[in-house]
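Visitor: the amino acid sequence is not available; the structure is as follows:
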């Protein structure tokens, strides 16, 4: 019998002649990159080159009630890596190629009638995957819902070890049905899974990527921990929330809890109790909604697109009724509209100041029902608004004209799926940034959320059961997405970054189990010094005023602290930004600024050394001051003798003009 590869290739050659399957042989650019036995580069009608790879099926354990249906994945790594490098669309296809007698317990369909498209990250696969549970899912689905031509099997619906897969019908009642495979290759894009789903992307790169999920940046005071995370967080745009931990911070503040809330009811203020989410739950919800929306606009099979006019402000005011994405609203419908369809909301009255076009894209989340409040008994559906524009159209009227010719009433737009696919519903990354994570008791603050920090491919490897309070809150927030909230996992687009300074007083210890779930990134004491090498600061007052380079003074103080007789750990030394750049920049602005800087140096640097670093041995760091036990006397000595209070006698003075 023919192999899976041979069956699929023959089917494409016979039925989808629009795909040029000889590109890999004709184009020199592809000649040496792929093993031609299991991969094709094909050119579509639009001129796009896509990669189609094939995996052959084997059957093992034929004596079992459910034999394994295995595919060879180890040949895919090179193909997959080349697809990623070239940013080409990539398909991994297989089909049942054995006798039906080996397909035990598949009772409701012929496995030869469906191609399986494996939609997962396979760049380091060196094993065989058992697709048995995928076929079981399709078998159960058809038994319960009837025949299908296309079905996606996602995580949680199978146990094959891959991310997800699609079943694509290629034959029905002995007759070829190539339209479904042709549409799949034309529209489906596997590239999002190439970067967001990981079965390893090389050990070094995996460590780098995974480090971004649970990341703690630590180092001595002033090394630029917050600055580094602030810079890195800019890639998230506005999709970021910052929280600072402190000794009294609690689980109820971090995750959420019921709290009393003042409300107005019938003109009177009353107290009610509501579940108030904390920063963790707020970021979790945003990340979860982004993934749910993305998944619902990715698969457009069996989904119709409808036009919804909003040409009268009496009919609907976009800016008053819909405040944010995710809001729901009732709209007029047609009898053939169904739950899961898409509605394009059109504003077409220039007197309101808007250009004509589509201003909102929504999901139909209810089947049509008669509105008893309407005299004509009009049908209505509920829409969930997933993309809204408040200033200019998402889709211009000119673009819509290519698909739509009617502009007066609710109706279906044929062939509009390509129009929807041009609109980005990309998964948005969300960041929770925790400052000073070890200033709180993290075991108490994270509570059961601690279990979610174990990640695989960015997703929590283990789920936690939600409390009744949290489940009710999530049900209220996510009911329109039809998601089960009895358990939760951190999604792959939620990142948790934090800063930590182990040298601070009053910090809480972290246990090993907690630390193991984070990637720690250390910033060395002089790692960012290049940013402050040119800053000149004043020391001393009045006629004793001198000017020195801040970085040189800092390093000489650190050298004293690091000497054998002092043995101060690096995490207590002075980092380049122990005095902030804004203070350094204004240190020489005028005479008053210079005086203020000297006072700031005393209250910041000298106080830190006196109270936190050398409290028990001040004579070791202030040998130039006779009364070393009194902070006020040390400050007076600094105003008179400058750097000499530290025992520094070789510091080079500079001209003030260097920083003017």
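Guide: Nice, thanks for sending it over. These numbers come from a predicted model, not from an experiment.

Visitor: ok, residue 307 touching residue 403?
Guide: No - contact criterion CB atoms under 8 Å: residue 307 and residue 403 do not qualify, at 9.2 Å. In short, each C-beta sits where N, CA and C put it, glycine included.

Visitor: tell me which of those two has more neighbours.
Guide: Taking other CB atoms under 10 Å, residue 307 and residue 403 do not tie; residue 307 has more neighbours (21 against 18).

Visitor: elements contacting the lengthiest helix in the chain?
Guide: The residue-count maximum for a helix in the chain (DSSP state H) belongs to helix 279-298. With contacts defined as 3 or more CB pairs under 8 Å, 6 or more residues apart in numbering; DSSP states H and E, helix 279-298 has these neighbours: strand 240-244, strand 379-388, strand 430-435, helix 468-478, strand 494-500.

Visitor: if we go to 6 Å?
Guide: Packing partners of helix 279-298 (3 or more CB pairs under 6 Å, 6 or more residues apart in numbering; DSSP states H and E): strand 240-244, strand 430-435.

Visitor: quick one: which of those is nearest residue 87?
Guide: Closest to residue 87 of the helices and strands packed on helix 279-298 is strand 430-435 (CB to CB; 24.5 Å).

Visitor: buried residues, the helix or strand following that closest one. List them.
Guide: From strand 430-435 onward toward the C-terminus, using DSSP states H and E, the following helix or strand is helix 442-446. For helix 442-446, burial by neighbour count (16 or more other CB atoms under 10 Å) applies to 442, 445-446.

Visitor: can you list contacts of the longest helix of the chain?
Guide: 241, 243, 254-256, 386, 425, 427-428, 430, 432, 477, 481, 491, 493-494 (CB atoms under 6 Å, 6 or more residues apart in numbering).

Visitor: and for stretch 446-465?
Guide: 197-198, 213-214, 251, 487, 489-490, 492, 517.

Visitor: in strands, which of the residues you listed appear?
Guide: Members of the contacts of stretch 446-465 lying in strands (criterion: DSSP state E): 214, 487.

Visitor: neighbour count and pLDDT for the contacts of stretch 446-465 - can I get that in a markdown table?
Guide: Formatted as a markdown table, these follow (neighbours: other CB atoms under 10 Å; pLDDT from 0 to 100):
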| residue | neighbour count | pLDDT |
| --- | --- | --- |
| 197 | 21 | 36 |
| 198 | 23 | 39 |
| 213 | 22 | 90 |
| 214 | 20 | 92 |
| 251 | 18 | 94 |
| 487 | 12 | 93 |
| 489 | 19 | 94 |
| 490 | 28 | 94 |
| 492 | 20 | 90 |
| 517 | 16 | 89 |
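
Visitor: hmm, which two among the contacts of stretch 446-465 are most spread apart?
Guide: With CB to CB as the measure, no two of these lie farther apart than 197 and 251, at 30.8 Å.

Visitor: hmm, back to that, out of the helices and strands packed on helix 279-298, which is the most enclosed?
Guide: With neighbours taken as mean count of other CB atoms under 10 Å, the helices and strands packed on helix 279-298 reach their highest mean count in strand 430-435, at a mean of 22.

Visitor: now the angle between strand 240-244 and that strand, please.
Guide: 20 degrees (axes from the mean of the first three to the mean of the last three CA atoms, to 10 degrees).

Visitor: packing partners for strand 430-435?
Guide: Using 3+ CB pairs under 6 Å, 6+ apart: strand 430-435 touches strand 240-244, helix 279-298, strand 494-500.

Visitor: direction included, what does that strand pair against?
Guide: With DSSP bridges as the test, strand 430-435 is paired with strand 240-244 (parallel), strand 494-500 (parallel).

Visitor: same list (the ones you listed) but as a markdown table, adding mean pLDDT and distance to residue 600.
Guide: Shown next, in a markdown table, are the strands paired with strand 430-435 (pLDDT from 0 to 100; distance: least, CB to CB, whole Å):
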| stretch | mean pLDDT | distance to residue 600 |
| --- | --- | --- |
| strand 240-244 | 94 | 22 |
| strand 494-500 | 93 | 23 |
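
Visitor: for residue 266, which of those is the nearest?
Guide: Nearest of the strands paired with strand 430-435 (CB to CB): strand 240-244, 35.1 Å.

Visitor: can you list contacts of the closest one?
Guide: 233, 279, 283, 431-436.

Visitor: wait, residue 45 sits on residue 16?
Guide: No - using CB atoms under 6 Å, residue 45 is not in contact with residue 16, being 10.1 Å away.

Visitor: ok, these two, which is more surrounded?
Guide: Shown here are residue 45 and residue 16; by other CB under 10 Å, residue 16 has more neighbours (18 against 10).

Visitor: quick one: that one and residue 182 touch, right?
Guide: Yes - counting by CB under 6 Å, residue 16 does reach residue 182; the two are 5.1 Å apart.

Visitor: now residue 306: closest residue in space, sequence neighbours ignored.
Guide: residue 343 (4.9 Å; CB to CB, 6 or more residues apart in numbering).

Visitor: what about that neighbour, which SS state?
Guide: strand (DSSP: H, G, I helix; E, B strand; the rest coil).

Visitor: isn't it right up against residue 362?
Guide: Yes - using CB under 6 Å, residue 343 makes contact with residue 362 at a distance of 4.6 Å.
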